[in-house]
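Q: Pasting the sequence and the predicted model now:
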Amino acid sequence: MANLLVVRPVRLDEMKGRFTKAQRAIVEAMEEALDEYGETFVKELRKRTPVRTGRLRESATYIIRGRGKREMQLEVRIGGKDEPKLLPVWLEFGTGIYGPRRHPVVPRRAKFLRFAGRNGRIIFARSVRGIKPRHFFSKTEKATESARRRLAGRIGKLAIEKLTDPRL
């Protein structure tokens, strides 16, 4: 009976070196791709963000957590320190009768809601309908889907090239 495959420790050491070099190259390419996609996503997000004062639009940024590691993550942040933390969520999903709970916004501890109107006047109301969802974030995801797929394909192609390159 003929041996079809012979495994020797020397060959395994060569493969181990090839994998680590390929991993480093793939991680570097992933970092570049995430940077590129982050810039694209934030640019599109700024186009689609609802504007009243422009502060929310300008606060859109991205960071890459775990740079240089296999567990890298792209995080997109929107909302300034002086804005309510939930404002982007309210704009994305809506509030009141337009939001997930589907009931008017009413005061919890008082008889009236109190808020500033567009012209700066103080408005009192027993309830308000809420705000309609704008879906600006999900629309941005759909608009950048092709760019995301291209980058993933590029990383996959690079991984195959690096793992099959005999020079590594």
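A: Looks like it came in fine.

Q: Could you pull out the buried residues of stretch 47-59?
A: Arg48, Thr49, Leu56, Arg57, Ser59 (16 or more other C-beta atoms under 10 Å). Backbone N, C-alpha and C define where each C-beta goes, glycine included.

Q: In this structure Tyr98 contacts Gly130, no?
A: Yes. Using C-beta atoms under 8 Å, Tyr98 makes contact with Gly130 at a distance of 5.1 Å.

Q: higher neighbour count, these two?
A: The neighbour count for Tyr98 versus Gly130, taken as other C-beta atoms under 10 Å, is higher for Gly130 (18 against 14).

Q: which residues touch the more buried one?
A: By C-beta atoms under 8 Å, 6 or more residues apart in numbering, the contact list for Gly130 reads Gly94, Thr95, Gly96, Ile97, Tyr98, Gly99, Pro104, Val105.

Q: Now the first one. Nearest residue, chain neighbours left out?
A: Spelled out, that is Gly94. Once flanking residues are discounted, Gly94 sits nearest to Pro133: 3.4 Å by C-beta to C-beta, 6 or more residues apart in numbering.

Q: The one you found - how many residues pack around it?
A: 16.

Q: Can you check which helix is longest in this protein?
A: Longest helix of the chain, by residue count under DSSP state H: helix 9-48.

Q: Contacts for the next helix or strand after it, please.
A: Per DSSP states H and E, the first helix or strand lying C-terminal to helix 9-48 is helix 55-58. By C-beta under 8 Å, 6+ apart, the residues outside helix 55-58 that reach it are Arg46, Thr49, Pro50, Val51, Ile78, Gly79, Gly80, Asp82, Glu83, Leu87, Pro88, Leu91.
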